[in-house]
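1. pasted the sequence and its predicted model underneath.
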Amino acid sequence: MGIFDFLKKKKQELESLEKEKVKFEDITSWISKKRESEKIKEKQVLSQIKEVIFELIQELNEKSEILAKVDISKRKEDPRLKEVVIDNLEKYKDSINQLIEKLEIVKEKQHSELNIFINEINKILEDFQKRSKSSYERATILIGKELGDIKETLSNFFRSLNRIISENESILIHLRILKTIEQNLNELDNVRKEKEIILTSLKSLKESQLELETKKGQVEKQIETRKKSNEYFNEKEKKHLALEKKKEIEKNILKLKNFVDFKYLEKIHHTNPKKMNVIKSYENDFNQILEKENKELFDLINEQDKGKDKTSDITSQIENINQELKEINTLLGTKDSLEIIEAEIKNLNSSINEIESEELRNIKRTETLEENINSIKKEIASEITKMNVELV
């Protein structure tokens with residue numbers, strides 16, 4: 001019979017019909033006092049069990065001395081049977097001696113927890129029963145009383161041990177409940193700390209959002225003021241005029257093409273593939289003069305009309321056009337003051353959206369944590385009820 005078999009027959013009996021009431025905020029101090037009280041009882045039970053072990057060791061030593069004197073050599077039995085019995089008797093005596101040694105060790109150890117102590121004893125006795133079962137059964141073929149006395153001694157120990165545990169069953173139960181509640185309280189503390197961190201983060205996010213919203217309002221006022229200003233009107237007018245000028249230049253580009261005699265150039269350079277590529281390129285797309293330095297074209301034009309003023313006039317016109325277009329494109333590519341402010345609004349909106357998303361995630365997390373807190377509290381209330389205590 002195992003030491004813990006009695007736990008299967010546990011009865012839920014309360015010492016008092018009236019439940020003790022404890023405030024949730026006082027539960028930590030209540031557990032501390034209750035644990036101290038149960039530990040005192042536990043220490044007393046440990047002493048009781050050690051006393052029973054001490055008595056068992058004494059009895060086993062006495063019974064072992066008697067067993068050592070058993071002599072079946074003169075009995076009229078089959079010699080082979082006597083040999084088997086004697087051999088198994090020696091094995092059983094070895095098992096008893098090992099049991100005594102282990103019980104001595106466990107008795108002298110300092111134990112602070114009753115359930116651990118009981119588990120150690122239970123393991124020692126279970127190992128003994130497994131190891132000695134076969135040798136005991138074979139030895140009892142010819143030796144009955146002495147072995148039976150040892151068996152009875154062990155049975156009496158089991159009964160005494162189970163009686164002590166059964167009488168003090170509530171200590172084991174209460175200590176186990178208290179341990180579970182303490183684990184729940186630690187978990188509750190961790191969840192509350194996490195929630196507090198998130199709430200602090202939420203507060204910081206709200207402050208940042210308020211600052212951004214305030215700044216956004218100020219920038220929006222700047223935009224309205226800027227739109228009505230003469231400076232902004234002048235900026236828009238300059239860009240409008242520049243754009244019109246650019247369109248006019250692009251329309252007049254083809255007029256310059258007429259000053260280049262591509263047929264003549266092809267005629268005199270038809271044997272030069274490199275120059276022919278340049279000629280064909282500009283002939284097919286003269287607008288590229290706006291995109292290149294045009295040195296190769298200028299060289300060809302110089303060859304076309306050496307010593308004529310017309311040549312230098314074309315090249316200078318192209319250079320002037322490119323310079324003018326460069327200045328126009330720089331002006332058109334530059335953001336005006338309103339575009340810069342509007343870009344700031346866009347950045348502010350993006351930052352506000354990110355904060356709002358983070359706030360939403362944190363709010364959902366706090367809701368989940370609050371559910372966890374309530375769930376843990378219910379678990380604690382359920383556990384403590386097993387000790388006839390009600391949380392209020």
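-> Arrived safely, thanks for sending.
2. which other helices and strands does the helix or strand harbouring residue 344 contact?
-> Residue 344 belongs to helix 337-385 when assigned by DSSP states H and E. For helix 337-385, the elements it packs on are helix 169-227, helix 230-257, strand 389-391, judged by 3 or more CB pairs under 8 Å, 6 or more residues apart in numbering; DSSP states H and E. (Glycine included, C-beta is placed from N, CA and C.)
3. of those, which is nearest residue 298?
-> Closest of those to residue 298 is helix 230-257, at 12.4 Å (criterion: CB to CB).
4. pLDDT weak spots in the chain?
-> 1-17, 232, 289-295, 302-315, 333-336 (pLDDT under 70).
5. and the residue most central in space within it, how far from residue 27?
-> Per CA atoms, centre = their mean, the C-alpha nearest to the average position across the chain is that of residue 194, at 12.7 Å. The gap separating residue 194 from residue 27 is 20 Å, by CB to CB, to the nearest Å.
6. could you do residue 90 as well?
-> Taking CB to CB as the measure, residue 90 falls 59 Å from residue 27.
7. more neighbours: these two, which one.
-> Counted by other CB atoms under 10 Å, residue 90 and residue 27 do not tie: residue 27 has more neighbours, with 21 against 12.
8. what's the following helix or strand after the strand or helix carrying that one?
-> Using DSSP H and E, residue 27 maps to helix 27-68. Heading C-terminal from helix 27-68, the first helix or strand you meet, by DSSP H and E, is helix 79-108.
9. ok, now which ones touch the residue lying closest to the residue nearest to the centre of the chain once chain neighbours are set aside?
-> Nearest in space to residue 194, with sequence neighbours left out and distances taken as CB to CB, 6 or more residues apart in numbering, is residue 369 at 6.1 Å. By CB atoms under 8 Å, 6 or more residues apart in numbering, residue 369 lies in contact with 191, 194, 195, 198.
10. pretty sure residue 370 is touching residue 195, no?
-> Yes - checked against CB atoms under 8 Å, the pair residue 370 and residue 195 is within contact range at 7.1 Å.
11. contacts for stretch 184-193?
-> If you take CB under 8 Å, 6+ apart as the criterion, stretch 184-193 is touched by 27, 28, 31, 369, 372, 373, 376, 377, 379, 380, 383.
12. how far off centre is that stretch?
-> Between the centre of stretch 184-193 and the centre of its chain there are 16 Å (CA atoms, centre = their mean, to the nearest Å).
13. would you write a ChimeraX line that selects the buried entries of the contacts of residue 369?
-> The command below creates a ChimeraX selection of those among the contacts of residue 369 that count as buried (16 or more other CB atoms under 10 Å):
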select :191,195,198
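14. dump the contacts of residue 369 into CSV; add distance to residue 349 as well.
-> Output for the contacts of residue 369, formatted as CSV (distance: CB to CB, whole Å):
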residue, distance to residue 349
191, 35
194, 31
195, 30
198, 25
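15. chain neighbours aside, what residue packs nearest to residue 270?
-> Nearest non-adjacent residue to residue 270, counting by CB to CB, 6+ apart: residue 276, 6.5 Å away.
16. just the element for the one you found, please.
-> Assigned by DSSP H and E, residue 276 falls within helix 273-284.
17. just checking, what packs against that helix?
-> helix 262-269, helix 295-304.
18. same thing but at 6 Å, please
-> Under the contact criterion of 3 or more CB pairs under 6 Å, 6 or more residues apart in numbering; DSSP states H and E, helix 273-284 touches helix 262-269.
19. and the helix it packs on, how far out from the chain's middle?
-> Distance of helix 262-269 from the chain centroid (CA atoms, centre = their mean) equals 78 Å.
20. which of the residues in that helix are buried?
-> Per 16+ other CB under 10 Å, helix 262-269 contains these buried residues: 262, 265, 269.
21. stretch 88-101 too?
-> 88, 89, 91, 92, 93, 95, 96, 99, 100.
22. quick check: the first one vs residue 72, distance?
-> Looking back up the chat, that one is residue 88. Applying CB to CB to residue 88 and residue 72 gives a distance of 12 Å.
23. how near is residue 275 to residue 301?
-> As judged by CB to CB, residue 275 and residue 301 stand 12 Å apart.
24. those two: which is more packed in?
-> Of the pair residue 275 and residue 301, residue 301 is the one with more neighbours under other CB under 10 Å, namely 23 against 18.
25. show me the chain divided up by domain.
-> With domains defined by automatic domain parsing, the chain comprises 14-167, 196-374.
26. and the ones you listed: which comes nearest residue 388?
-> Residue 388 lies closest to domain 14-167 among the domains of the chain, at 4.7 Å (CB to CB).
27. with distance to residue 76 added, can I get the helices and strands packed on helix 337-385 in CSV?
-> Below are the helices and strands packed on helix 337-385 laid out as CSV (distance: least, CB to CB, whole Å):
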stretch, distance to residue 76
helix 169-227, 53
helix 230-257, 132
strand 389-391, 70
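28. return the most buried member of the ones you listed.
-> Stretch with highest mean neighbour count among these: strand 389-391 (a mean of 17; mean count of other CB atoms under 10 Å).
29. these two touch, right, residue 180 and residue 383?
-> Yes - contact criterion CB atoms under 6 Å: residue 180 and residue 383 qualify, at 5.3 Å.
30. so how far is stretch 30-48 from its chain's centroid?
-> With CA atoms, centre = their mean as the basis, stretch 30-48 stands 38 Å off its chain's centre.
31. hmm, residue 42 and residue 114 touching each other?
-> Yes - between residue 114 and residue 42 there is a contact under CB under 6 Å: 4.8 Å.
32. how near is residue 44 to residue 164?
-> From residue 44 across to residue 164, the span is 10 Å (CB to CB).
33. and these two? which has more neighbours close in?
-> residue 164 (16 against 12).
34. so who does that one touch?
-> Shown in contact with residue 164 (CB atoms under 6 Å, 6 or more residues apart in numbering): 48, 49.
35. for stretch 83-100, which outside residues touch it?
-> In contact with stretch 83-100 (CB under 6 Å, 6+ apart) are residues 57, 60, 64, 128, 131, 132, 135, 136, 138, 139, 141, 142.
36. please redo it, this time with the cut-off set to 8 Å
-> Residues external to stretch 83-100 that are found in contact with it (CB under 8 Å, 6+ apart): 57, 60-61, 63-64, 67-68, 70, 72, 124-125, 128, 131-132, 134-136, 138-139, 141-143, 147, 150.
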